[in-house]
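# Make a model of this:
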Amino acid sequence: MIACLGDSITAGRPGESYIKYLHSRNDYHNHGCSGETLSGLSTRIDSFINQSTYHDVIIEIGVNDILLPYLRGHSAAWNHKVHNIILRGSIPLSQVDDFKREYEKLIWKLEDKKVKIISIPCIGEVINSDLNQKVDEYNDSIQELCEKYHITYIDFNKWQKKTIGLSEFRSNYFISPSIYGIMIDSVLSTKLGLSDFISKIRRLVVTIDGVHLNKYGAQNLARLIQKKD
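The predicted structure is shown next:
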């Protein structure tokens, strides 16, 4: 059995999880947690390791370390939501050096596992934005660690950028300032399977809101993971 650890992109709420598109998907267990940060996952993984018999692990984490500080200024409702996420222990690491050190500690905890690590996806489909420049910086640190420890690195971010760049669609749409907006997206995309419809009306290519994956994005992340088998 293979454990898939991560945030809402792994969980597939809102949007779609890549796990549903993997071959033999029953062999993969979804341990995604919405709002999770690297420090939150690193803490959560201690009990996970002690209580599980997984030998293979897929890690997807880091979006919220960059996204949560941004969302605090997105609206008063998001500021309150982020405050509660931090209180539960999902603290964002907003400096790349701190992020890299914590990621290395996470890798040490999984030293007896076969690990694959997914790059941090794009944050917004404007690929040259300040947010995505920070994503690039964080991904460089993750890739360096993967090379240091001979861990499989799945560069989903690179595929996203190429796909967005080749698309005729251009959209500045980003996560709704209203918490209710993301709740509605969860119902429409996760429950009703309308992720591609949402993307189309917002002129987005690989996400439903600039972050969470639509069907096309999830399918291709699954494809990239299986190419590394």
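
# And stretch 28-43, what's buried?
Neighbour counts over stretch 28-43 (16 or more other CB atoms under 10 Å) mark 28, 30-42 as buried. Where you see a C-beta, it was placed from the backbone N, CA and C, and this is true even at glycine.

# what are the C-alpha coordinates of it, in PDB please?
Taking Å, rounded to 0.1, in the frame of the first residue of the first chain, the C-alpha atoms of stretch 28-43 are listed here in PDB:
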ATOM      1  CA  TYR A  28      -3.100   4.300  -2.800                       C
ATOM      2  CA  HIS A  29      -4.500   5.800   0.400                       C
ATOM      3  CA  ASN A  30      -5.400   9.500   0.500                       C
ATOM      4  CA  HIS A  31      -4.000  11.200   3.600                       C
ATOM      5  CA  GLY A  32      -4.400  14.800   2.300                       C
ATOM      6  CA  CYS A  33      -5.500  17.500   4.700                       C
ATOM      7  CA  SER A  34      -6.900  20.800   3.600                       C
ATOM      8  CA  GLY A  35      -4.800  23.800   4.700                       C
ATOM      9  CA  GLU A  36      -1.800  21.600   5.600                       C
ATOM     10  CA  THR A  37       1.600  23.200   5.700                       C
ATOM     11  CA  LEU A  38       5.000  21.500   5.700                       C
ATOM     12  CA  SER A  39       5.400  22.000   9.500                       C
ATOM     13  CA  GLY A  40       1.900  20.600  10.000                       C
ATOM     14  CA  LEU A  41       2.700  17.600   7.900                       C
ATOM     15  CA  SER A  42       6.000  17.100   9.600                       C
ATOM     16  CA  THR A  43       4.300  17.000  13.000                       C
END
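
# need the helices for this structure, in chain order.
In the chain, the helices defined using DSSP state H lie at 8-11, 38-51, 63-71, 76-87, 96-109, 130-148, 156-166, 179-185, 195-202, 215-227.

# Now do the longest one, average pLDDT.
Just to be clear, that refers to helix 130-148. The average of the pLDDT scores along helix 130-148 is 98.

# Could you dump the buried residues of stretch 28-43 into TSV with pLDDT added?
Listed next are the buried residues of stretch 28-43 as TSV, based on pLDDT from 0 to 100:
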residue	pLDDT
28	92
30	95
31	94
32	95
33	95
34	94
35	95
36	97
37	98
38	98
39	96
40	96
41	96
42	93
